[in-house]
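> return a 3D structure for these sequence lines:
(2 chains)
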Amino acid sequence: MSLTETGPVPAPAIDEEEAARARQDRINRIAKWTLPSAVMFFTILAWHLYVTINDIPHYVLPGPVLVAQSIVNDWNLLWPAMVLTSRLTLLALLFAILGGVTLAVAFTQSRWAEMSFFPYAVILQVTPVVAVAPLLQIYVDSAFVAALLCAWIVAFFPILSNTTIGLKSADHNLQDLFTIYGASRWQRLRYLAAPSALPFFLGGLKIAGGLALIGAVVAEFVIGRAGTGLGLASTLLEASYRFNFGRLYASLILISAMGVVIFAVTSTISHLMLRKWHESALKRD
Amino acid sequence: MALPIDQRPTLLTMSHVEKTFNGDVVALKDMNLAVNEGDFVSLLGPSGCGKSTALRLISGLLPPTRGKIAWDGGRNADDLGVVFQEPTLMPWATVAQNVWLPFRLKGVPYNQVRDEVLEALKLVGLDKFQNAYPRELSGGMKMRVSIARAMVTKPRLILMDEPFAALDEITRFKLNKDLLALKAAIDCTVIFVTHSVFESVFLSDRIVVMAARPGRVIHELHVDTPYPRDEDFRTSAEYAVHTRATSDALREAIGEAA
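Numbering: from 1, shown residues only, chains lettered A, B, ... in the order given. Next up is the predicted model:
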């Protein structure tokens, strides 16, 4: 029996189906940016028309033009406020990472530590922070520290719980392998548990980033400018007392923008750290 | 290495080994087995016959409930390599880093053992993939990395727990053949758990047939065909004789359990 080899069939330069696929790809790429931009444009336009046509007073609903003016005119006030709120948010997030990861490691290294303290971490989490904030204000001398604590309480739990699950989720056979090769506790943590926990931690980080901002806003609302200085949330609150709705909306938009930036940054960090090996970061054809 | 089985020096001895789970489930009953240096021992039997339990006992991951497992001349940390049913690679580490693991856990930096790591990868035919991540490899290639990791320290004994069960037949045949070449190259002993008669006959010179409920050894067969064995062995009359004898022994093991 002999096998005949078929020679390579000369491929047509580009067939119709291929061209159609390339076209579809191009359309998808453009639509990814243009569609949400168009939605935003038309929403703002509709908002503008609604306000101008119905002659809505600016203390009920300011138009987009007024809000844009506020952002520009009040920039000297809004920018320092944003810096202040950012500092509170980022510090809270930083301590949430330190505290969450440290506690998670302690919990997984010692069952006694987990049994003793985990219930209290849960209680801390489920108690509404708005109810705790006034107490913090009373017992903590520095109002900034009180605000920081407030934001920290909200942000640290997702990091703690995700990292704890992650540290425990290492492959069982790999754990056996580490035992057979006589790995120390530290080697086990560093070479096995920590890399296994990384995707979980990064998931927690994305949630905690958003929560740190919420915590900072709540802290500013409850504890007020006396302690925290004039942050974006305090500015927003004050603008509402003065019926300065242009500034109120301007502050709100800047707070949202901060949230978007935090999400984008944490997502990028997560992608960069996992793209080489984790399923979540893989592109599929 | 062509010493007859009964003239090889003893590597380890299992005497009256018994393993009970939860107080009353007997996974393994009165197992006596002397493994010699250079043996290729297959543990063959239906599921529940305690073959994987036996492997975990030998690896030291489980303590026996009764009896003793003694290594001739004691056991060092790098006397043992293990291959599981899954490749069990660290997905966050490259192929070379995965193979480096046994050394790394002994505190040896990569630069000092780069040659050993690359040599092990070369033996399994993957030296070009040293910088790849496991997800970029096929199932068979991952298993090769796992085998390279098990043998990189040149252990005296390699334990394999149905390592090829999840692979397709073509890949499995290829890996069977390569495994025999590797074993000859690093001159070690292998204990191989399988439920395939054909695989056990092709690979081993000793087949230990086990029965279930309670898990125990019921037969030992010897395949005296000398190594190296190649693909022609699979279609030889000799192979047919051994597979028939092994099948009969396995049928008895299954019949007793039913």
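> what about the helices in the chain?
I went with chain A, as the question did not name one. With helices called from DSSP state H, chain A shows them at A:16-53, A:64-73, A:75-109, A:111-126, A:129-139, A:143-168, A:172-180, A:185-187, A:194-223, A:225-228, A:232-241, A:245-274.
> not quite, go with chain B.
Using DSSP H, helices in chain B cover B:51-59, B:95-104, B:110-123, B:139-151, B:169-186, B:197-203, B:231-234, B:237-257.
> would you mind giving these as CSV with mean neighbour count, mean pLDDT and distance to chain A added?
Every residue, glycine included, has its C-beta placed from N, CA and C. Formatted as CSV, these follow (neighbours: other C-beta atoms under 10 Å in any protein chain shown; pLDDT from 0 to 100; distance: least, C-beta to the nearest C-beta, whole Å):
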stretch, mean neighbour count, mean pLDDT, distance to chain A
helix B:51-59, 22, 92, 6
helix B:95-104, 23, 96, 5
helix B:110-123, 16, 94, 13
helix B:139-151, 23, 94, 8
helix B:169-186, 17, 91, 17
helix B:197-203, 23, 94, 21
helix B:231-234, 13, 89, 19
helix B:237-257, 16, 87, 25
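> out of those helices, nearest to A:Ser267?
Among the helices of chain B, the nearest to A:Ser267 by C-beta to C-beta is helix B:95-104 (26.8 Å).
> helices or strands up against the closest one?
Judged by 3 or more C-beta pairs under 8 Å, 6 or more residues apart in numbering or on different chains; DSSP states H and E, helix B:95-104 is in contact with helix B:110-123, helix B:139-151.
> so which of the ones you listed gets nearest B:Asp72?
Taking the helices and strands packed on helix B:95-104 one by one with C-beta to C-beta, helix B:139-151 is closest: 20.5 Å.
> for that closest one, what is the distance to the chain centroid?
Computed by C-alpha atoms, centre = their mean, to the nearest Å, the chain-centroid distance of helix B:139-151 equals 13 Å.
> give me the neighbour count for A:Ala216.
33 (other C-beta atoms under 10 Å in any protein chain shown).
> ok, it to A:Trp277 distance?
34 Å (C-beta to C-beta, to the nearest Å).
> equivalent analysis for A:Ala151, please.
Taken as C-beta to C-beta, the span from A:Ala151 to A:Trp277 is 33 Å.
> what of A:Leu177?
Taking C-beta to C-beta, one finds A:Leu177 at 18 Å from A:Trp277.
> before we move on, what about B:Thr246?
According to C-beta to C-beta, B:Thr246 stands 42 Å off from A:Trp277.
> for A:Ser116, same thing?
Distance, A:Ser116 to A:Trp277, by C-beta to C-beta: 35 Å.
> which of these two has more neighbours?
Of the pair A:Ser116 and A:Trp277, A:Trp277 is the one with more neighbours under other C-beta under 10 Å, namely 20 against 11.
> return the nearest residue of the stretch 101-250 of chain B with respect to chain A.
Proximity of the stretch 101-250 of chain B to chain A (C-beta to the nearest C-beta) peaks at B:Leu105, 4.5 Å away.
> count of neighbours near that residue?
For B:Leu105, using other C-beta under 10 Å, the count is 21.
> correct me, but it touches A:Ile180?
No - counting by C-beta atoms under 8 Å, no contact exists between B:Leu105 and A:Ile180, whose distance comes to 9.5 Å.
> neighbours around the closest residue in space to A:Phe157 that isn't next to it in sequence, how many?
Distances taken as C-beta to C-beta, 6 or more residues apart in numbering or on different chains put A:Gln125 closest to A:Phe157, at 4.1 Å, once the chain neighbours are dropped. The criterion is other C-beta under 10 Å. On that basis, A:Gln125 has 15 neighbouring residues.
> just A:Val72 next, same as before
Count around A:Val72 with other C-beta under 10 Å applied: 10.
> B:Gly74 now?
Counted with other C-beta under 10 Å, the neighbours of B:Gly74 add up to 7.
> residues contacting it?
If a contact means C-beta atoms under 8 Å, 6 or more residues apart in numbering or on different chains, then B:Gly74 has no contacts.
> measure it to B:Leu12 for me?
Counting by C-beta to C-beta, the gap from B:Gly74 to B:Leu12 is 10 Å.
> check A:Tyr120 too.
Going from A:Tyr120 to B:Leu12 by C-beta to C-beta gives 50 Å.
> distance of the residue of the stretch 101-250 of chain B closest to chain A relative to A:Phe118?
30 Å.
> please apply the same query to A:His271.
Distance, A:His271 to A:Phe118, using C-beta to C-beta: 31 Å.
> buried ones in stretch A:108-118?
A:108, A:114 (16 or more other C-beta atoms under 10 Å in any protein chain shown).
> what residues does that stretch touch?
Residues outside stretch A:108-118 that contact it (C-beta under 8 Å, 6+ apart) are A:103, A:106-107, A:164, A:167-168, A:185, A:189, A:193.
> any stretches of the stretch 1-150 of chain B with poor pLDDT?
Within the stretch 1-150 of chain B, the segments meeting pLDDT under 70 span B:1-2.
> then chain A?
In chain A (pLDDT under 70), the answer is A:1-14, A:225-229, A:282-285.
> and it, which of its residues are near chain B?
A:171, A:173-174, A:176-183, A:187, A:191-192, A:195, A:198, A:276-279, A:282 (C-beta under 8 Å from any C-beta of the partner chain).
> selecting buried members of the residues you listed in ChimeraX, what would you type?
The buried residues among the residues of chain A next to chain B can be selected in ChimeraX (16+ other C-beta under 10 Å) with this line:
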select /A:171,173,174,176,177,178,180,181,183,187,191,192,195,198,277,278
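> mind giving me the ChimeraX select for the contacts of stretch A:108-118, buried ones only?
Selection of buried members from those for ChimeraX, criterion 16+ other C-beta under 10 Å:
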select /A:103,107,164,167,189,193
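> relative to A:Leu49, which of the contacts of stretch A:108-118 is nearest.
Relative to A:Leu49, and with distances defined as C-beta to C-beta, the nearest of these is A:Thr164, at 51.6 Å.
> in terms of contact, does the closest one touch A:Phe107 like I think?
Yes - between A:Thr164 and A:Phe107 there is a contact under C-beta under 8 Å: 5.3 Å.
> look up phi and psi at B:Phe84.
phi -90, psi 180 (degrees, to the nearest 10).
> ok, it touching B:Asp161?
Yes - B:Phe84 is within contact range of B:Asp161, at 5.5 Å (criterion: C-beta under 8 Å).
> circling back to that earlier point, closest one to A:Val145 among the helices and strands packed on helix B:95-104?
Nearest to A:Val145, of the helices and strands packed on helix B:95-104 and by C-beta to C-beta, is helix B:110-123 at 45.7 Å.
> and the angle from that closest one to helix B:139-151?
Orientation check (axes from the mean of the first three to the mean of the last three C-alpha atoms, to 10 degrees): helix B:110-123 against helix B:139-151 gives 130 degrees.
> neighbouring contacts of helix B:110-123?
Contacts with helix B:110-123, where a contact means C-beta under 8 Å, 6+ apart, come from B:95-97, B:99-100, B:103-104, B:127, B:129-130, B:145, B:148-149, B:151-152, B:182, B:185-186.
> now stretch B:167-178, how far from the centre of its chain.
15 Å.
> what's the closest residue to A:Ala197 other than its chain neighbours in contact with, if anything?
Closest residue to A:Ala197 apart from its sequence neighbours, by C-beta to C-beta, 6+ apart: A:Gly166 at 3.0 Å. Going by C-beta under 8 Å, 6+ apart, A:Gly166 touches A:104, A:196-201.
> and the two most separated of those?
Among those, A:Ala104 and A:Pro199 lie farthest apart (C-beta to C-beta), at 14.0 Å.
> more neighbours: which of these two?
Per other C-beta under 10 Å, whichever of A:Ala104 and A:Pro199 has more neighbours is A:Ala104, with 27 against 21.
> and the gap between the closest residue to that one other than its chain neighbours and chain B?
Closest residue to A:Ala104 apart from its sequence neighbours, by C-beta to C-beta, 6+ apart: A:Thr163 at 3.7 Å. Distance from A:Thr163 to chain B, counting by C-beta to the nearest C-beta, to the nearest Å: 16 Å.
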